[in-house]
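In: sequence first, predicted model second:
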Amino acid sequence: MKRWRNRSWLALCCALGLVCASPASAGRILVLVHGYLGDAASWQHSGVLPVLEQAGWRFAGDWQSTPSGVRLEPAGRPAGEFAIYRVNLPSTAPLMVQSSYLGGMLNAIAQQHPSDTIDLIGHSAGGVVARLALINYGAGTVTRLITIAAPNLGTDRAAQALDATNDGGLFGGIKRWVVKRQVGEDVYRTVQLSRGVLMDLSPPVPGNLLYWLNGSQHPEIAYVAVVRGAAFGMPGDQVVPAPSQDLRLVPALRGRASAQVVPGEHQLTQQDGLLLAQLVSKPAQTASTSAQ
């Protein structure tokens, strides 16, 4: 019975999302940006993409980052009026590198859909990458950014990982041996390869990336943060603290962003698909516009 009720609720929410996304709002594009150690398939495995498809959105392909630029796979697939693109970024690369690929992808999408608007959606580090792309390359046809559990003010977990894998100094070899025994060779090697992005995701201090980003002028679009809050029986996000996820606390976005606080942990879930279907069914409005 419980499973039937869940399915019925899902069908109802999706139907409402499809009704709200009426032909009057045709020409809408969703671009989904994964987080650290994720990929385009993260949106499928989590259940987010299937929920959005049930709400009337059509998957139009994955944008790939390659040494020669960006490309769409499969190429030439018809997008429709409500199209979803996923992106594949090198998630262990520094955020500036990832944002350069994303900027190229957004430009290519705008060329294919010159009269359509884009909702840019980033999970975890993908939300920060999305902000970087907007600042460095302009908003173009993007009218709204939605971040989900994004470390907009950084996370101490990144700093802890950097410290744990810093094997320099007199006792560096011993420290490396101890940490590898705790986390395993593969995890240790992955963190070592990710030092650039982990530095970028460390809490902002003068001179680092997040300090510069959070003080930089952002395009005049709508900004929405989905914030993971604690709830009864649920500890909340143990990777990125809730205040760090809140775009309203970013100095450059004070008074310009809104937030949706929801219970849950850091990973994407089917519930994110339901919330996104609801959010993107409404026209993008800046905080100043909605306050009028």
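Out: Looks like it arrived, so ask away. Numbers count the residues shown, from 1 in each chain.
In: which secondary structure element is home to the spatially most central residue of the chain?
Out: The centre of the chain sits closest to residue 122, judged by C-alpha atoms, centre = their mean, with a distance of 1.5 Å. Assigned by DSSP states H and E, residue 122 belongs to strand 117-123.
In: for that strand, give the mean pLDDT please.
Out: The pLDDT scores in strand 117-123 average 97.
In: re the thing from before, and the residue nearest to the centre of the chain, what does it touch?
Out: Counting by C-beta atoms under 8 Å, 6 or more residues apart in numbering, residue 122 touches 32, 33, 35, 128, 129, 130, 131, 145, 146, 147, 148, 150. For every residue, glycine as well, the C-beta is placed using N, CA and C.
In: how about residue 109?
Out: Residue 109 neighbours (C-beta under 8 Å, 6+ apart): 29, 31, 63, 85, 118, 141.
In: tally of neighbours for the first one?
Out: Looking back up the chat, that one is residue 29. By other C-beta atoms under 10 Å, 25 other residues sit near residue 29.
In: what about the spatially closest residue to it that is not a sequence neighbour, distance to residue 218?
Out: Distances taken as C-beta to C-beta, 6 or more residues apart in numbering place residue 118 nearest to residue 29, at 4.6 Å, with adjacent residues excluded. For residue 118, the distance to residue 218 equals 16 Å [C-beta to C-beta, to the nearest Å].
In: tell me which of those two has more neighbours.
Out: Legend: neighbour count by other C-beta under 10 Å for residue 118 and residue 218, higher for residue 118 (24 against 19).
In: from what I can see the more buried one touches residue 145, true?
Out: No - in this structure, residue 118 is not within contact of residue 145 by C-beta atoms under 8 Å, at 9.6 Å.
In: low pLDDT regions in the stretch 151-292 of the chain?
Out: Filtered on pLDDT under 70, the stretch 151-292 of the chain yields the residue ranges 169-172, 175, 177, 179, 231-234, 286-292.
In: all helices for it, in order.
Out: For the stretch 151-292 of the chain, applying DSSP state H, counting those that start in this stretch gives helices covering 156-164, 172-183, 185-193, 195-200, 209-215, 242-245, 270-280, 287-290.
In: what comes into contact with the third one?
Out: If you take C-beta under 8 Å, 6+ apart as the criterion, helix 185-193 is touched by 37, 92, 161, 164, 165, 176, 179, 180, 183, 198.
In: among the residues you listed, which pair sits farthest apart?
Out: Pairwise distances across these peak at 21.0 Å for 37 and 176 (criterion: C-beta to C-beta).
In: thinking again about what came up before, got the angle for the strand holding residue 122 vs helix 270-280?
Out: Going by axes from the mean of the first three to the mean of the last three C-alpha atoms, to 10 degrees, strand 117-123 is angled at 150 degrees with respect to helix 270-280.
In: name every strand pairing with strand 117-123 and say which way it goes.
Out: Taking DSSP bridges as the criterion, strand 117-123 sits next to strand 28-33 (parallel), strand 142-148 (parallel) in its sheet.
In: next structured bit after that strand?
Out: Note on strand 117-123: by DSSP H and E, the next helix or strand toward the C-terminus is helix 125-137.
In: tell me which residues in that next one are buried?
Out: By 16 or more other C-beta atoms under 10 Å, the buried positions in helix 125-137 come out as 125, 126, 127, 128, 129, 130, 131, 132, 133, 134, 135, 137.
In: from those, pick the one nearest residue 204.
Out: Among the buried residues of helix 125-137, and counting by C-beta to C-beta, the member closest to residue 204 is residue 128, at 11.0 Å.
In: what about the closest one, distance to residue 159?
Out: Residue 128 sits 15 Å away from residue 159, going by C-beta to C-beta.
In: residue 137 too?
Out: Applying C-beta to C-beta, the value for residue 137 to residue 159 is 28 Å.
In: same question for residue 27.
Out: The gap separating residue 27 from residue 159 is 43 Å, by C-beta to C-beta.
In: next, count neighbours for residue 247.
Out: Residues near residue 247, counting by other C-beta under 10 Å, number 28.
In: er, residue 74 I mean
Out: Residues within reach of residue 74, counting by other C-beta under 10 Å, total 8.
In: how does the protein divide into domains?
Out: 25-155+202-284, 156-200 (automatic domain parsing).
In: out of the helices of the stretch 151-292 of the chain, nearest to residue 41?
Out: The minimum distance between residue 41 and those falls on helix 270-280, with 14.6 Å, by C-beta to C-beta.
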